[in-house]
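J.: Quick one, what's the 3D model for this:
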Amino acid sequence: MNDEEAPKSAFELAMERLRRKDREAGIEERPLSEEQRTAIADVRRVHDARLAEREILFEADRRRAVDPEALAKLEEDYRRDRDRISSDRDRKVEEIRSGRS
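T.: Numbering: from 1, shown residues only. Predicted structure coming up:
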């Protein structure tokens, strides 16, 4: 039994369907260059460090908060910061993938 005849996992089948949809939509698959991979890894590393820093600050502020309203505001600010940092990471990764960076 060769690779073509071997049973495929659900993941492999799903990936084939997605590739087929991309081809039908005219989206071409381009492998990332080594420079792009390195740049994406750097962006993700910086993102992880920023998130860790924000989490440390949030935990310190949370321990000091005594008022439930202040705690709710801290949690909302923390959630908003996490979303902002993540969307910034996603935007930068997409720029690198598309070659705009």
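J.: OK, contacts around Glu75?
T.: Arg62 (CB atoms under 8 Å, 6 or more residues apart in numbering). All C-beta atoms are positioned from the backbone trio N, CA, C, and that covers glycine.
J.: For Ala70, see how far away the residue most central in space within the chain is.
T.: Nearest to the mean C-alpha position of the chain, by CA atoms, centre = their mean, lies Asp90 at 5.5 Å. In this view, Asp90 and Ala70 are 31 Å apart by CB to CB, to the nearest Å.
J.: now Pro7
T.: Taking CB to CB, one finds Pro7 at 57 Å from Ala70.
J.: name the element the residue nearest to the centre of the chain belongs to?
T.: helix 68-98 (DSSP states H and E).
J.: quick one: that helix to chain centroid distance?
T.: With CA atoms, centre = their mean, to the nearest Å as the basis, helix 68-98 stands 11 Å off its chain's centre.
J.: secondary structure class for Ser63?
T.: Wrong residue type there; residue 63 is Arg, not Ser. helix (DSSP: H, G, I helix; E, B strand; the rest coil).
J.: Just the pLDDT at it, thanks.
T.: You'll see Arg63 listed with a pLDDT of 94.
J.: Count the residues that sit near it.
T.: For Arg63, the neighbour count with other CB atoms under 10 Å is 8.
J.: just Leu71 next, same as before
T.: 14.
J.: Need the phi and psi values for the spatially closest residue to it that is not a sequence neighbour.
T.: Of all residues not flanking Leu71 in the chain, Ala65 sits nearest, at 4.4 Å (CB to CB, 6 or more residues apart in numbering). The phi/psi pair for Ala65 (degrees, to the nearest 10) reads phi -70, psi 130.
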